[in-house]
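A.B. asks: Sequence first, then the predicted structure, then my questions.
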Amino acid sequence: MTTTDYIVRDSGPVTLIGGGETSDGDLEAALALAPTCIAADGGAALAVRAGVPLAAVIGDLDSTPAEVLAQVPAERCHRIAEQESTDFDKALTRIDAPLILGVGFTGARLDHQLAAFNTLAAYPHRSCILLGAQEIVLLAPPHITLPTQPGDVVSLMPLAPVTGRSRGLEWPIDGLDFAPGGRIGTSNRALGHVALEMTGPNMLLILPRRLMAPLAAQLLRSAPAPWPAHA
């Protein structure tokens, strides 16, 4: 993928809609922070139903009804025919923006949700927050301070071996080795504000949904994304 392959370029955050479980309220929450709206294939249906203009529809376009595509200008519909990647992957890699807020990539089909998490790990240099019904999910950056309150659940799920350090967690992670099939960090709790450091782009961070706005603001302040692209 080169810079000439970008379909959408935006100096601000953008909202990306998937075809998974979502609602008009999810879309409104994302658009309040990231007003440019893009659909990954079937996500176009939610935008059209909500009357939200789409900057682009990106994907293999096999999940979007013809009557929905008919309501999007043809020059904004970008069919990527290959079947080696998901529609989320196709869209994420063709958006040049400092932050992407993804709605419709969690819930519903579990395989689609797991594939979305895999895509986050595959492109650690792209800042992206996925919005769920009650939580947000993102790839933990090298350093982050969370405006959590005492009792907030802070879950850490490794996608590959990784270590880290923490401040403000009920169960500190310093000196622990995390790995799939080994130690994981779900259902930890905040004592107040939490600071995290990670040694690599291999940890999913799962937080209360109400933290989306302050977390998005923090990631934008640190743009460009701190993790390098995979070789």
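C.D. replies: Happy to help now that I have it. Residues are numbered from 1 along each chain as shown.

A.B. asks: ranges for the strands of the protein?
C.D. replies: Secondary structure of the chain by DSSP state E: the strands cover 8-9, 14-17, 36-40, 56-59, 77-79, 95-96, 100-103, 128-131, 135-139, 143-146, 153-158, 164-169, 185-198, 203-208.

A.B. asks: Give me the buried positions along the longest one.
C.D. replies: The reference is to strand 185-198. 185, 188-190, 194, 196-198 (16 or more other Cβ atoms under 10 Å). Any C-beta I mention is one placed from the backbone N, CA and C, and that applies to glycine too.

A.B. asks: do the last one as well
C.D. replies: Residues 203-208 are the ones in strand 203-208 that count as buried (16+ other Cβ under 10 Å).

A.B. asks: tilt between that strand and strand 185-198?
C.D. replies: Orientation check (axes from the mean of the first three to the mean of the last three Cα atoms, to 10 degrees): strand 203-208 against strand 185-198 gives 120 degrees.

A.B. asks: Can you list the buried residues in stretch 79-90?
C.D. replies: Buried residues in stretch 79-90, counting neighbours by 16+ other Cβ under 10 Å, are found at 80, 85-90.

A.B. asks: Just confirm T199 contacts V162, I think it does.
C.D. replies: Yes: with contacts counted by Cβ atoms under 8 Å, T199 reaches V162, the gap being 5.9 Å.

A.B. asks: more neighbours, these two?
C.D. replies: Using other Cβ atoms under 10 Å as the criterion, T199 and V162 rank with V162 on top: 19 against 13.

A.B. asks: Distance of the more buried one relative to G132?
C.D. replies: Per Cβ to Cβ, to the nearest Å, V162 is found 22 Å from G132.

A.B. asks: what do you get for F117?
C.D. replies: 12 Å.

A.B. asks: what do you get for A195?
C.D. replies: 24 Å.

A.B. asks: what pLDDT does A225 get?
C.D. replies: On pLDDT, A225 comes in at 67.

A.B. asks: try T4
C.D. replies: 56.

A.B. asks: What ranges does the protein have for its helices?
C.D. replies: 24-33, 44-50, 66-69, 87-92, 110-122, 212-221 (DSSP state H).

A.B. asks: quick one: the longest one to strand 153-158, angle?
C.D. replies: Our comparison of helix 110-122 with strand 153-158, counting by the same axes, to 10 degrees, yields an angle of 80 degrees.

A.B. asks: Please save the CA atoms from helix 110-122 in PDB.
C.D. replies: The C-alpha trace of helix 110-122 is given here as PDB (Å, rounded to 0.1, in the frame of the first residue of the first chain):
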ATOM      1  CA  LEU A 110     -17.900 -13.200  16.600                       C
ATOM      2  CA  ASP A 111     -15.700 -14.100  13.600                       C
ATOM      3  CA  HIS A 112     -16.100 -10.600  12.200                       C
ATOM      4  CA  GLN A 113     -15.200  -9.100  15.600                       C
ATOM      5  CA  LEU A 114     -12.100 -11.200  16.000                       C
ATOM      6  CA  ALA A 115     -11.100 -10.300  12.400                       C
ATOM      7  CA  ALA A 116     -11.400  -6.600  13.400                       C
ATOM      8  CA  PHE A 117      -9.100  -7.100  16.300                       C
ATOM      9  CA  ASN A 118      -6.600  -8.800  14.100                       C
ATOM     10  CA  THR A 119      -6.700  -5.800  11.700                       C
ATOM     11  CA  LEU A 120      -5.900  -3.400  14.600                       C
ATOM     12  CA  ALA A 121      -2.800  -5.500  15.300                       C
ATOM     13  CA  ALA A 122      -1.800  -5.700  11.600                       C
END
